[in-house]
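**Student:** Build the 3D model from these lines:
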Amino acid sequence: MFGREARSPVDLSCAMTVWCVVQTTRSSALQLAGIGCVQSANLTFMFITSFGQFGLNSSGVVPAADMAIRDINSRSGLLPGYRLMYDSVRDSQCQNDIALDAFFQGIQSDPVKLAVIGCGCSVATEPVAAISHHWNISQISYFSASTALSNRSRYKKYFRTNPSFVIEPPAFLSMIKHFGWRRIGFLTQNENVYTTAVTSFRDMLKNSNYVSEIRLFETTSDNPVTSTNDFFMASEDYRVFFLNSYSGPARKIICEAFRKNFMYPKYVWIMRDSFIDNWWTAAVDKGDVNCTDQELEMFLDKAISFRGYPSPENYTSITDAGITAQKFQDEYEYRALQMNYEASDAGGRAYDAVWILAAALNRTMAMVKSGNINGTGCENITGSLVPLELFQYSNEKMGCLIQYNIKITNFTGVSGHIQFDMNGTRIQNLIILKQYTHLAHGNMSRNLFAYLDAQHGYNFNFLPGVGDKDIYADGIPSDGAAINNTVTYSIPMIVVFYTCSAGGEVFALVCLVFIVAFRNKRVVRLSSPALNYIIVVGSMCMYASLFAHLAPTKIKNGVWTSCLLSLGLFTIGYALCFGALLAKMWRVYYIFHNPTTKKLFAQDWHMVLLTMIITGIGVCLLALATATSALDQFVVKVDHVENPKEKAPRDITQNNYILMCYGPSSPAYYLRALIFAYFAVLQILGIMLAFQTRKVKFPGLKDSKFVTIIMYTSSLILLLLIGNAFAFNSYLTASGSLHAIGVLILTTSILALIFIPKMVMLYKDLANGRSDSRTATHRASIASRRPAERSLESELCQRDKEIKELKAEIAVLKGHLSEIEIILSSE
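**Tutor:** Numbering: from 1, shown residues only. The predicted structure is shown next:
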């Protein structure tokens, strides 16, 4: 940008002096200098900073500004014939009235100031920047980040080498999204710079539809402790706080927070990284802070700081100032120590601010010399083009040219590359995050751990090798918001009943295979195989209903689907099983009450049709219940957690909810009750038939005895299921367990009482070598082969037993003959 060769300093030890010729075109006299040397004309700027008596201490930038002046004045080709300087360091004390007073003193005193660099903090900068343009001078700040300063219509000639707060709210939102914090308490100093900034934070968070709760509290600067007591009392249920203030009030606030134990691991504090190093220690004026350094360090442990952070792309590359960032930082820290200043991270930005002013003045000097100001927008401005040393506050044209040349800055400084947007704010897209860490040996550090880049959507990025566990080893702290938890079944319970249901499905398949494999055997053939098929299918549906009923879903649509499948499969399965059993019972009743041969006999297809009618009625009721269900109306809050894994961490409030299939005031609720009432009617009919046929001892109809047992057993279980469905539904685990146990007992008893006796009978027949065609003659021949050596008494006992078996066989044959006669007569 400029020639970077260094100009030799003037040899102040020269013994002889001469008077230099005064140029008539210059209004200022050139004064005495060394041999053969002419002292350059002074170009003065006003330098305002804050020494921190009542607010932020930014005075650590003074050594950096001195370094910049030295390097600029020693650079050939930059402002030739001039010497850049400031007349004195003025203290704004970070107060608006004191800053204005310092500004007016600078304006009223000689020499004329071509610009203002300062004023050390936003509170002091805002009033000065609002009026400095009336004197046609531009202002460059190195520390002020207030969003209000981006108002170009108010701050007409204001520029800043540090980023504005304006990029912080979206970065803050991205950060809290990463950590899952939705509930934020803002504690802000009631200064315009902070209230304006926090308003932009609040508006951003509200419009994001992410943050659920925001609490904003303003604290006074003179007595922040007393004014924040109400905040702490009202914010015990909050866990994440954003402290937005200068370091002085911040020290008092965090001391009070320490006293009230508002600290990690229960609480998280976030603040801007705008304070000097070790700002909490005794080395800094702490006023009436009643905490030791060690206590404040304990409090700050795990706190997060963030800010827009200009930084050089490469610390070892030569900048436009002719120095590397690393070399600058080393010398700056050394000079700050020698001059008894506290080094500040704003040092590099202050150094660059002076350089930007020098470069702008250099370009303005060239324009004045050439007379070409086309394209600057200053062509029609009142005033005249004069040498820089002849600038007066009334010369609008020269003020416009200096502002224009600052505006077009494209400078690579020790704080990184600098360009200004249309509002005079440095274009900066990087937000960095640091964490305070209290080290084992008592020291404190702030470690960079993540960054967010505005050019890439403010995505949260950890530094390589860093993760959540490195930031919060014990887990990310909660934001204190009550956790809304949808209660689900406990996993062990689900595993147990899923296993039992799967075993039941296998048992049902075994029964189905048995029916198919031995369908020609008499013991299977005489028990209505078609109805047996229906019973098996119904049993499989009831077993399958448990998989849907116990599904551990927390999604409303998922719960609705599982409810539909559970009730649907159970209704269809129960109707199929019970319909088939009722048909069996009715056939027995039909045969043995008025058993005339002229009566039309109920064949298997009649029984199947009756079963389908019973099932069809149940399906219609199910369809009505499904069509009228509205899951959104039936979220029930409960005061217990049934799944241990769903308990809230630490002492966080947890709201537990159960998603119910049907609410107590919905039509679907009553239709569901109607389904159970329908089942109850079927049970009553079954019990009546069982009572009427209790004396039937016909050997060919042994199913009737087991069906009667099923009728009584299922009635008890149905009562259990009805009571459980309507009385215990707010206790998910208990209700689900009772339902599953009832369904398992009911379904398994049906299969066991219907099919296990048949399996046993068939096994005995096969084991004894019996077949469906064996006769009494065959059994007599078997008996004749018994050993002759048996005693007479044993022989008589054996014969008596065989006679009883023969009589039973004859009774069975007679029963079969009777059934055949009835069937033949019906055909």
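
**Student:** Distance of the residue positioned nearest the centre of the chain relative to I483?
**Tutor:** Centroid check for the chain by Cα atoms, centre = their mean gives G180 as the closest residue, at 3.8 Å. Taking Cβ to Cβ, to the nearest Å as the criterion, G180 is separated from I483 by 11 Å. Any C-beta I mention is one placed from the backbone N, CA and C, and that applies to glycine too.

**Student:** contacting residues for L114?
**Tutor:** Contact analysis of L114 by Cβ atoms under 8 Å, 6 or more residues apart in numbering lists L43, T44, F45, I137, L357, L361, L388, F391, I402.

**Student:** Confirm for me that the fifth one is in contact with T44.
**Tutor:** No - in this structure, L357 sits apart from T44 without contact. The criterion is Cβ atoms under 8 Å, and the distance is 11.1 Å.

**Student:** and the spatially closest residue to Q683 that is not a sequence neighbour, what does it touch?
**Tutor:** Among residues not flanking Q683 along the chain, S715 sits closest, at 4.6 Å (Cβ to Cβ, 6 or more residues apart in numbering). Residues near S715 by Cβ under 8 Å, 6+ apart: Q683, G686, I687.

**Student:** Phi first, then psi, for the residue nearest to the centre of the chain.
**Tutor:** Backbone torsions of G180, given as degrees, to the nearest 10, read phi 80, psi 30.

**Student:** my guess is it contacts G480, does it?
**Tutor:** No - using Cβ under 8 Å, G180 makes no contact with G480, being 11.9 Å away.

**Student:** Pairing partners for whichever strand or helix holds F242, with directions?
**Tutor:** Using DSSP states H and E, F242 sits in strand 240-244. In the sheet, strand 240-244 lines up against strand 183-189 (parallel), strand 268-272 (parallel) (DSSP bridges).

**Student:** right, and these - which one's nearest A343?
**Tutor:** Between A343 and those, the shortest gap by Cβ to Cβ is with strand 268-272, which sits at 18.2 Å.

**Student:** Give me the distance from the closest one to the chain's centre.
**Tutor:** 19 Å (Cα atoms, centre = their mean, to the nearest Å).

**Student:** Show the average pLDDT along stretch 681-696.
**Tutor:** Average pLDDT, stretch 681-696: 74.

**Student:** what about dumping the CA coordinates of it to PDB?
**Tutor:** Presented in PDB, the C-alpha positions along stretch 681-696 are these (Å, rounded to 0.1, in the frame of the first residue of the first chain):
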ATOM      1  CA  VAL A 681     -73.100 -59.400  26.300                       C
ATOM      2  CA  LEU A 682     -71.400 -62.200  24.300                       C
ATOM      3  CA  GLN A 683     -69.900 -63.400  27.600                       C
ATOM      4  CA  ILE A 684     -73.300 -63.500  29.200                       C
ATOM      5  CA  LEU A 685     -74.700 -65.500  26.400                       C
ATOM      6  CA  GLY A 686     -71.800 -67.800  26.600                       C
ATOM      7  CA  ILE A 687     -72.200 -68.300  30.300                       C
ATOM      8  CA  MET A 688     -76.000 -69.000  29.800                       C
ATOM      9  CA  LEU A 689     -75.200 -71.600  27.200                       C
ATOM     10  CA  ALA A 690     -72.500 -73.100  29.400                       C
ATOM     11  CA  PHE A 691     -75.000 -73.400  32.200                       C
ATOM     12  CA  GLN A 692     -77.600 -75.000  30.000                       C
ATOM     13  CA  THR A 693     -75.200 -77.600  28.700                       C
ATOM     14  CA  ARG A 694     -73.400 -78.300  32.000                       C
ATOM     15  CA  LYS A 695     -74.900 -81.800  32.300                       C
ATOM     16  CA  VAL A 696     -74.000 -82.900  28.800                       C
END
